[in-house]
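>>> Build me a model:
(one chain, ligands or ions: 2)
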Amino acid sequence: MGDEKKTEKAGSQINFDDVLNFIEFIEECYGEQFIIKEDKNNTGEEKERRNDNKNKSAGIFEKIMDEVSKLPDPYHIIREEKQRMLKDIAERIKVCKKCELWKSRTNAVPGDGNPNAQIVFVGEAPGYEEDKRGKPFVGKSGKLLMKMIQDVLGLRREDVFITNIVRCRPPENRTPEKEEVSACLNYLFEELSVIRPRLVVALGAPAAKAILGKDEKISEMRGKFYTRPEFTVFVTFHPAFVVRNPSYTETLENDFKKIKEFFES
Ligand code: URA
Ligand code: SF4
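Ligands and ions are numbered 1, 2, ... in the order given. The predicted structure follows:
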């Protein structure tokens with residue numbers, strides 16, 4: 001009964017501008033996760049009208065905020081919903097048979113990490129350790145990746161999201177075939193559409209080629225940012241390559257410094 005009354009009252013007072021103001025407020029509170037892109041066609045006149053309405057509706061806005069303050073934290077609602085959607089993707093990956101790689105796997109390896117991550121790292125395919133444990137980057141190359149994330153970016157594993165272009169370990173850790181990548185790649189785009197990160201870091205040539213749809217050499221793509229409508233892509237070495245060739249550690253570290261600058265700018 002009481003709830004019905006509230007809805008009716010709110011329905012008669014809230015207009016579209018109030019909703020926009022409210023969204024702007026949430027954006028201010030929670031930052032990048034709620035970025036709403038500026039409408040390029042939005043004229044100065046329209047902005048003025050909105051500012052004018054903003055002043056006029058200040059009283060209503062306070063009333064809305066008063067009601068909203070009684071609701072659960074929107075950040076947590078969104079996080080829980082994203083978590084639920086990622087779990088659904090992971091469940092499908094675990095039983096997937098869309099390419100031949102399922103036959104030799106112990107465990108398929110879904111992405112893992114923060115559903116609200118601003119940065120997503122994408123590797124090639126699970127290795128021995130990952131296949132055993134069903135979790136990405138938990139072996140030697142994962143150790144180096146985590147060192148870079150912690151030491152250079154100052155982040156923890158639970159702050160970022162880590163995933164792969166292919167989710168089942170290829171025999172002898174061979175590079176995944178084109179058909180295997182195309183069978184599996186949609187899971188990555190599903191994960192990215194839930195998380196909506198600002199930056200996607202492609203680790204190594206296979207990940208970079210698959211994400212960017214380019215057939216260039218790693219030496220051409222490494223160290224560069226590529227702007228895409230939904231997110232920016234940055235390409236660096238695969239950490240397994242650097243484990244095998246330690247003389248490239250400094251290059252990898254410098255790439256991570258570029259990533260840090262991207263978030264600071
Ligand atoms: N190498 C990858 O590309 N992905 C992993 O998850 C582990 C090692
Ligand atoms: Fe499915 Fe990907 Fe595993 Fe192939 S590699 S079986 S597409 S989850």
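
>>> contacting residues for residue 253?
148, 152 (CB atoms under 8 Å, 6 or more residues apart in numbering). C-beta coordinates here come from the backbone N, C-alpha and C atoms, glycine included.

>>> That one: which element?
helix 249-264 (DSSP states H and E).

>>> Count the residues that sit near residue 82.
18 (other CB atoms under 10 Å).

>>> What pLDDT is listed against the nearest residue to it once chain neighbours are set aside?
If the residues on either side of it in the chain are set aside, residue 82 comes closest to residue 115, at 3.6 Å by CB to CB, 6 or more residues apart in numbering. pLDDT, residue 115: 96.

>>> Pretty sure residue 235 sits in a strand.
Yes. Assessed with DSSP: H, G, I helix; E, B strand; the rest coil, residue 235 lies in a strand.

>>> Pick out the residue of this protein closest to ligand 1.
residue 123 (2.8 Å; CB to the nearest ligand atom).

>>> Tell me the spacing between the nearest residue to residue 139 once chain neighbours are set aside and residue 220.
Excluding the flanking residues, the one nearest residue 139 by CB to CB, 6+ apart is residue 129, at 3.5 Å. In this view, residue 129 and residue 220 are 31 Å apart by CB to CB, to the nearest Å.

>>> now do residue 167
27 Å.

>>> neighbour-wise, which of those two wins?
residue 167 (31 against 12).

>>> my read: the more buried one touches residue 187, true?
Yes. Contact criterion CB atoms under 8 Å: residue 167 and residue 187 qualify, at 6.3 Å.

>>> so what's in contact with the two at the same time?
With CB under 8 Å, 6+ apart, residue 167 and residue 187 have common neighbours 93, 96, 110.

>>> Tabulate those (a markdown table), appending pLDDT, secondary structure and neighbour count.
Putting the shared contacts of residue 167 and residue 187 into a markdown table (pLDDT from 0 to 100; DSSP: H, G, I helix; E, B strand; the rest coil; neighbours: other CB atoms under 10 Å) gives the following:
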| residue | pLDDT | secondary structure | neighbour count |
| --- | --- | --- | --- |
| 93 | 98 | helix | 22 |
| 96 | 98 | coil | 18 |
| 110 | 98 | coil | 22 |
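
>>> Out of those residues, which is nearest to ligand 2?
Nearest to ligand 2 among these, with distances taken as CB to the nearest ligand atom, is residue 96, at 3.1 Å.

>>> Burial check on residue 246, number of neighbours?
Count around residue 246 with other CB under 10 Å applied: 10.

>>> how near is it to residue 224?
Distance from residue 246 to residue 224, by CB to CB: 23 Å.

>>> And the helices in the stretch 151-265 of the chain, which stretches?
Along the stretch 151-265 of the chain, counting by DSSP state H, counting those that start in this stretch, helices occupy 178-195, 205-212, 218-221, 239-244, 249-264.

>>> can you tell which of those is closest to ligand 2?
Of the helices of the stretch 151-265 of the chain, the one closest to ligand 2 (CB to the nearest ligand atom) turns out to be helix 178-195, at 3.2 Å.

>>> In this model residue 194 seems to touch the residue nearest to residue 82, though I could be wrong.
Yes. Contact between residue 115 and residue 194 holds when scored by CB under 8 Å: they sit 6.8 Å apart.

>>> shared neighbours of the two, anything?
82, 86.

>>> Can stretch 157-167 be said to contact ligand 1?
Yes. For stretch 157-167 and ligand 1, the contact criterion (CB under 6 Å from any ligand atom) is met by residue 164.

>>> Can you measure across that stretch, start residue to end residue?
19 Å (CA to CA, to the nearest Å).

>>> number of nearby residues for the nearest residue to residue 157 once chain neighbours are set aside?
Closest residue in space to residue 157, ignoring its immediate chain neighbours: residue 146 at 6.1 Å, by CB to CB, 6+ apart. Neighbours of residue 146 under the rule other CB under 10 Å: 18.
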